[in-house]
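1. I would like the atomic coordinates for the input below:
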Amino acid sequence: MKYTFEKTEKSTVKITINLEEKEWNEAIDAAYEKVKGKYSMPGFRKGKVPKKVLESAYGAGVFYEEAINIAFPKYYEEVLDKEPSIEAVARPDIDIKDISEKGISMIAEVAVKPEVKLGEYKGITFKKVEYNVKEADVKDELKRLQERNSRTVDVTDRAVESGDTVTIDYSGSVDGVKFEGGTAEKQPLTIGSNTFIPGFEDQIIGMKIGEEKDITVKFPEDYHAENLKGKDSVFHIVLHEIKAKELPELTDEFIKDAVGAESLDAYKKEIKERLKKQNKDRAEREIEDEIVKKVTANAEVVIPEALIDNQIDQMVNEMSYRLSYQGLKLEDYLKYVGKTMEEYRKGYYDQAKDLVKSQLVIGKIIEEEKIDATEEDVTAKIEEMAKAQGKKAPDLKKDMAARQLDYVKNEIIVKKLFDFLKSANEIKK
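-> Modelled structure (predicted):
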């Protein structure tokens, strides 16, 4: 096998693979052995027809297609093994230049990891926002605790208020004609949840049990149903039930039962410390994001479309996975939002391109600065993990798969990277 390769300006490599007669005939023989069971001819048992007989009957090229399927992966992988500079990131496109009994010339064009020209990534000034914990934040946390421990009670002595959960019948119409999906009976609705069309829930406030009324709302211009976009509609409402949340009183006894803290004041201190840490982590994430955005914008790289497509594949698969937890299929979701798969993927394009570029730039900085995870780093990290899990480090490491160890190493490298970037740039509070 002889080969040549050349890099293009579009982050692709064109590889020409030439097989001489002996190598090509070996591939043809292998193809014959693989597919001979499909052939039968008078005078021969099925699968026992000699190769020459089949070639005479069907032409010399009868096994060429299968021979290419056998030969190309073998010799293509051989080229990649010999040329580590060719970092393929997608399946190659194959073209046959010449083919005969004497040999074959195959051309593979494949997207490769592109060259990254780093711009300025050190000595830049960034502004870091600090988030302080306010008393209102603590009150919000306490309110959420009350909400989690609330109980629902029936209301019969007053009208609907914001925050109530009501049970209603409704029937909607546009220009006096009822529309599909616009009617329901005994429908629960929390007022203020903004579940329904804007203005719908507000008009139920003030209604009493047993009351009926018509309300008028306008469908949003971006509503998913084409026939209802921007249309004025009338809904006839019948109110059956009103339920309200009854919140527990914030006492030391309640706090002890709910979260195990000694007192309300003690729990407030816990909340403050937790929120301080959350705010600190938030500020760190934001400054890291800003650094990545800046150094990525300063770099130059020609991104092959195959890498962007791969990233879009991941994003679509993640969305499909999330939808499955809600009992939905991606195909049904696309019908609901009125988009084709092509349109949906196109919506991810810019985000995917930016993400791929940032990954390539970050990878280049790691390479340039020789950032790595040493054995000591990995051991220390595993010891930290083992302590948190109440295990011994050697036992934990023994149970870890290679993929898990790679994840640990990557986590260490990423932390070292951001430590480096923060120290190499000026961060003002």
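2. partners of Lys7 in the sheet?
-> Val13 (DSSP bridges).
3. grab the nearest non-local neighbour of Asp354.
-> Using CB to CB, 6 or more residues apart in numbering and skipping the chain neighbours, the partner closest in space to Asp354 is Thr296 (7.5 Å). Every residue, glycine included, has its C-beta placed from N, CA and C.
4. averaged pLDDT, the helix or strand harbouring Glu290. What do you get?
-> Glu290 is part of helix 264-298, with elements assigned from DSSP states H and E. Averaging pLDDT along helix 264-298 yields 96.
5. following that helix, which helix or strand comes up?
-> strand 300-301.
6. quick check: mean pLDDT of the next helix or strand after that next one?
-> As assigned by DSSP H and E, the chain's next helix or strand after strand 300-301 is helix 305-325. Averaged across helix 305-325, the pLDDT comes to 94.
7. contacts for the helix or strand that comes right after helix 305-325?
-> Later in the chain than helix 305-325, the nearest helix or strand by DSSP H and E is helix 330-337. Applying CB atoms under 8 Å, 6 or more residues apart in numbering, the contact partners of helix 330-337 are His224, Val316, Met319, Ser320, Leu323, Thr340, Met341, Tyr344.
8. what residues of helix 330-337 count as buried?
-> Residues Leu330 are the ones in helix 330-337 that count as buried (16 or more other CB atoms under 10 Å).
9. one more: stretch 339-358?
-> Quick answer for stretch 339-358 (16+ other CB under 10 Å): Tyr344, Arg345, Tyr348, Ala352, Lys353, Asp354, Leu355, Val356, Lys357, Ser358.
10. okay, now the sheet partners of whichever strand or helix holds Gln187, with direction.
-> In this assignment (DSSP H and E), Gln187 forms part of strand 177-190. Strand pairing for strand 177-190, determined by DSSP bridges: strand 165-174 (antiparallel).
11. model confidence at the closest residue to Ile291 other than its chain neighbours, what's the number?
-> Sequence neighbours aside, Leu421 is the residue nearest to Ile291 in space, at 5.1 Å (criterion: CB to CB, 6+ apart). Here, the pLDDT recorded for Leu421 equals 96.
12. burial check on Leu421, number of neighbours?
-> Neighbourhood size, Leu421 [other CB atoms under 10 Å]: 23.
13. SS state for it?
-> helix (DSSP: H, G, I helix; E, B strand; the rest coil).
14. pLDDT score assigned to the residue lying farthest from the centre of the chain?
-> Here the chain reaches farthest from its C-alpha mean at Gly43, the gap being 59.4 Å by CA atoms, centre = their mean. In this model, Gly43 is scored at 87, pLDDT.
15. confirm that it sits in a helix.
-> No - counting by three-state DSSP, Gly43 is not part of a helix but coil.
16. quick thing: my sequence starts at 174, can you match it?
-> Sure, I'll start numbering at 174, so the last one becomes Gly216.
17. roughly how far does it sit from Pro223?
-> To Pro223, Gly216 is 11 Å away according to CB to CB, to the nearest Å.
18. equivalent analysis for Gly433, please.
-> For Gly433 relative to Pro223 (CB to CB), the value is 83 Å.
19. please enumerate the helices of the stretch 274-423 of the chain.
-> 308-321 (DSSP state H, counting those that start in this stretch).
20. would you map the strands across it?
-> Taking DSSP state E, counting those that start in this stretch as the criterion, the stretch 274-423 of the chain carries its strands at 276-284, 289-290, 298-300, 324-327, 338-347, 350-363, 385-391, 405-419.
21. return the most buried member of those strands.
-> strand 276-284 (a mean of 19; mean count of other CB atoms under 10 Å).
22. so what strands line up beside it?
-> strand 185-192 (antiparallel), strand 266-273 (antiparallel).
23. for the last one, what is the distance to the chain centroid?
-> Computed by CA atoms, centre = their mean, to the nearest Å, the separation of strand 266-273 from the middle of its chain amounts to 38 Å.
24. which strands and helices sit next to the strand or helix carrying Glu238?
-> Here Glu238 sits within helix 237-255, counting by DSSP H and E. Packing contacts for helix 237-255, counted by 3 or more CB pairs under 8 Å, 6 or more residues apart in numbering; DSSP states H and E, involve strand 175-180, strand 185-192, helix 194-208, strand 266-273, strand 276-284.
25. and the gap between Val489 and Leu496?
-> For Val489, the distance to Leu496 - CB to CB - is 11 Å.
26. repeat for Ile241
-> 40 Å.
27. so those two - more neighbours on which side?
-> Counted by other CB under 10 Å, Ile241 and Leu496 do not tie: Ile241 has more neighbours, with 20 against 15.
28. the more buried one and Ile269 touch, don't they?
-> Yes - counting by CB atoms under 8 Å, Ile241 does reach Ile269; the two are 7.0 Å apart.
29. hey, what's in contact with both of those two?
-> Common neighbours of Ile241 and Ile269 (CB under 8 Å, 6+ apart) are Ile277, Met279.
30. distance from the chain centre to the strand holding Gln360, please.
-> 34 Å.
31. which residues touch that strand?
-> Contacts of strand 350-363 (CB under 8 Å, 6+ apart): 336-346, 368-369, 374, 377, 398, 400-401, 406, 408, 413.
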